[in-house]
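Undergrad: Turn this into a model:
(2 chains)
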Amino acid sequence: MFGGLSNLVVATKGGVVVHAFKRFGKHFVYDTESGSLLETSKLFYLLCKAESAVGSAESAVGAESVLGGAESSKQKCAGVSQLEKEIAKFTASELEQARRDIETLKVGEILFVKPPDIKPQKLNRGLKAMCLHITHKCNLACKYCFAESGEGLYGAADECMSLAVGKRAIDFLIASSGARQNLEVDFFGGEPLLNFEVLKAIVYYARGLEGKHSKKFNFTLTTNALALDKKHFDFLNTEIFNVVISIDGRESVHNKVRNNSYKRVMDNAKAFVKARTSARVAIENGASGSGATKKGSSKNYASENSRGGIKSYYIRGTFTAENLDFANDVLHIYKQGFSNISLEPVVLKGGHRLEIKSEHLAQIDKEYERLGKAVAKINSEVSKGEISKKQTAENKALKNEAPKNANNKNQPLNFFHFNIDKFTGPCVEKRINACGAGTEYIAVTPNGDIYPCHQFAGFSEYLLGNVYDGLNKDKIYIGEKFLNTTVLDRLECEACFAKYHCSGGCFANSVVVNNNFYSVYRVGCEMFKSRLEVALALLSQKLM
Amino acid sequence: MNSNFKIIASPFMQKDIKVSNCGECASSCQSACKTSCTVANQSCENETRVNTLEQQREAQE
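TA: As a prediction, this is how the structure comes out:
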């Protein structure tokens, strides 16, 4: 009965990754190598799934040692057999039509498309971004902080960056940035607001160099908001294009891992976002600033405006093994009046009580789908409300007004991991090159030491140099290691449908969890795939 | 929707390979992750490419 599929078997063997999946009770097929996404009938989905399983099982038989052994290939063959049974429930004419449709899409290079001929440039074009550890002091001691555990310990915990080191870091970034125009500096810690005067002075110093060097700095700040106060607002709303505030969700969840700081943090964050939203509305009403949203743009608000005149924010939390019902935390944050939200799974070494383990993955998968449903419902209602509001505005010629408070329920829920722009997302080169750590992105600690990224800070092997002395020639091989490890160089990623979305994942996660730079963090991969499937499914509803 | 499929997103990878890599986009870890490598939801900063893709979007919609 699979005679009509033999051509497709050849296609899957050629490196094509076609992923058939179900979300929200609907069927989808995603062609990894072309980026095509289809919502399909059940039969179409079954045929594609069977085809992928056949290809996968055949590959497993031929390369058992790499792909999981003989047992794995047996399981895959059993899966194919089960799919055959399900397909047999359809009529011959239904089968024939579905096969014809698949063939048409194949000929049209929409489905089962051969991989693009990507030749990674692996160019070292200089630095673009810097994570500036403005201080290692912190007014919290969160239970999962990567600065507090293992080899990655930040060292002198009360160390603050001096203005001299900060200026030198900016000089180093400019001097190492080649022809790039957009440069990024994230103020990180510790808690950056504990060294606020130096932070401000560094920003003004960098601004003073923009014209001379034809550079544009985009500053971001990651804060726990415990010390966030009105005295910071004007500066942050003028100079910092994205402020990331750490809140983990419900009061009980947040307090358990973040030193009972919920009430103060939440109050501060609300006040800040209210001020920031008012500033945004003022800009929108006052001018068609460089960050104004283009009419009909498919980009999300946070990314659309973040690098222009209008400033953005994110509430960024962490979930752990103790709140696997984390959708409730995202929704809690939203109900407090926040629109741009990210909630990341914690990454910890084996044995930590908060560690997310493989046995948690099934529940996490369901939770991402539950969150996706909630996001779709919320954004659908907001969308209907906006249409109604527009009509009212047209009729009554009402002027725009700033929201009276931050609890504006008319805002969509913009969940960071569900944002996929199917039209104007990143280019292929970006998709294969991961985060740029060690090549275009570095971290600088309070004393000026340079590491490939903030998560490697304190790892002696990854100490690359110092902003005063430059890069250590003996450590140049480290930068080359990052540069030469694209997702295409990772064997474990070859057959993964998510590879052009995560670029092979976080290098630091691989080192921290597996102690192997070239490996992938498997638990993280599975969570990534779950949320990617939900994000792709949401595209069919045009709500993200 | 055809009885068997509806195209939600059109293929782009093969075309896009020719217009890639200006190097002006944001680093993913500077947005909101800091622990996961979420690359594909970053925005493109290449105006030429974005305008081309926007035109394709309008043509499709």
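
Undergrad: which other helices and strands contact the helix with the most length in chain B?
TA: For chain B, the longest helix by residue count, based on DSSP state H, is helix B:47-60. Contact analysis of helix B:47-60 by 3 or more Cβ pairs under 8 Å, 6 or more residues apart in numbering or on different chains; DSSP states H and E lists no helix or strand as a packing neighbour. In this view, the C-beta of every residue, glycine as well, is placed from N, C-alpha and C.

Undergrad: How about it, which residues are buried there?
TA: By 16 or more other Cβ atoms under 10 Å in any protein chain shown, the buried positions in helix B:47-60 come out as B:49, B:50, B:53, B:54, B:57.

Undergrad: got the residues of the stretch 401-544 of chain A near chain B?
TA: A:416-417, A:419-431, A:433-437, A:440-441, A:453-455, A:500-506, A:508-509, A:524, A:528, A:535-536, A:539-540 (Cβ under 8 Å from any Cβ of the partner chain).

Undergrad: Only whichever of those are buried, select them in ChimeraX.
TA: Selection of buried members from these for ChimeraX, criterion 16+ other Cβ under 10 Å:
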select /A:416,417,419,420,421,422,423,424,425,426,427,428,429,430,431,433,434,435,436,437,440,441,453,454,455,500,501,502,503,504,505,506,508,509,524,528,535,536,539,540
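
Undergrad: Restricted to strands, list the residues of the stretch 401-544 of chain A next to chain B.
TA: Within these, residues falling in strands by DSSP state E are residue A:441.

Undergrad: So which of the residues of the stretch 401-544 of chain A next to chain B belong to helices?
TA: Going by DSSP H, the helices hold A:428-431, A:500-502, A:508-509, A:524, A:528, A:535-536, A:539 from those.

Undergrad: May I see these organised as TSV, with pLDDT added?
TA: Shown next, in TSV, are these (pLDDT from 0 to 100):
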residue	pLDDT
A:428	88
A:429	86
A:430	87
A:431	90
A:500	93
A:501	93
A:502	91
A:508	91
A:509	89
A:524	94
A:528	95
A:535	96
A:536	96
A:539	93
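
Undergrad: and the two most separated of those?
TA: Between any two of these, the greatest separation by Cβ to Cβ is 29.6 Å, found for A:508 and A:539.

Undergrad: Next, the buried residues of stretch A:312-327.
TA: A:312-321, A:323-327.

Undergrad: Ok, stretch A:485-501 next?
TA: Neighbour-count burial for stretch A:485-501 [16+ other Cβ under 10 Å]: A:485-488, A:490, A:492-501.

Undergrad: Among the residues you listed, which one lies nearest to chain B?
TA: residue A:501 (3.8 Å; Cβ to the nearest Cβ).

Undergrad: Show me what residue A:36 bridges to in the sheet.
TA: Beta-bridge partners for residue A:36, by DSSP bridges, are residue A:31.

Undergrad: What does the pLDDT read for it?
TA: pLDDT, residue A:36: 94.

Undergrad: and it, how far is that from residue B:17?
TA: Separation of residue A:36 from residue B:17 (Cβ to Cβ, to the nearest Å): 15 Å.

Undergrad: So the two - more neighbours on which side?
TA: Taking neighbours as other Cβ atoms under 10 Å in any protein chain shown, residue A:36 and residue B:17 compare with residue A:36 leading, 25 against 16.

Undergrad: contacting residues around that one?
TA: A:30, A:105, A:110, A:111, A:113, B:7, B:9, B:10, B:11 (Cβ atoms under 8 Å, 6 or more residues apart in numbering or on different chains).

Undergrad: Could you do residue A:540 as well?
TA: A:26, A:28, A:37, A:39, B:6, B:8.

Undergrad: ditto for residue A:200
TA: A:235, A:239.

Undergrad: Tell me the secondary structure of it, please.
TA: helix (DSSP: H, G, I helix; E, B strand; the rest coil).

Undergrad: Which per-residue confidence value corresponds to it?
TA: pLDDT, residue A:200: 98.

Undergrad: Any figure for the gap between it and residue A:244?
TA: Relative to residue A:244, and taking Cβ to Cβ, residue A:200 is found at 18 Å.

Undergrad: ditto for residue A:383
TA: The value you get for residue A:383 to residue A:244, if Cβ to Cβ is used, is 26 Å.

Undergrad: Likewise for residue A:524?
TA: 20 Å.

Undergrad: residue ranges of the strands in chain A, please?
TA: A:18-23, A:26-31, A:36-40, A:129-133, A:182-188, A:216-223, A:240-245, A:312-319, A:340-345, A:414-415, A:441-444, A:449-451, A:465-466, A:470-471.

Undergrad: Pairing partners for the fourth one, with directions?
TA: Based on DSSP bridges, the pairing partners of strand A:129-133 within the sheet are strand A:182-188 (parallel), strand A:441-444 (parallel).

Undergrad: Mind putting the ones you listed into a markdown table with mean pLDDT?
TA: Output for the strands paired with strand A:129-133, formatted as a markdown table (pLDDT from 0 to 100):
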| stretch | mean pLDDT |
| --- | --- |
| strand A:182-188 | 94 |
| strand A:441-444 | 95 |
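
Undergrad: what's the closest of these to residue A:371?
TA: strand A:182-188 (26.3 Å).

Undergrad: got any ranges where the chain has weak pLDDT?
TA: If you meant another chain, say so; for now it's chain A. Across chain A, residues meeting the criterion (pLDDT under 70) sit at A:1-15, A:54-76, A:147-157, A:283-310, A:387-409, A:542-544.

Undergrad: Actually, chain B is the one I wanted.
TA: For chain B, the ranges with pLDDT under 70 are B:1-2, B:19-20, B:30-36, B:60-61.

Undergrad: show me where it has strands.
TA: B:5-9.

Undergrad: Once you drop chain neighbours, what's closest to residue A:329?
TA: residue A:249 (2.3 Å; Cβ to Cβ, 6 or more residues apart in numbering or on different chains).
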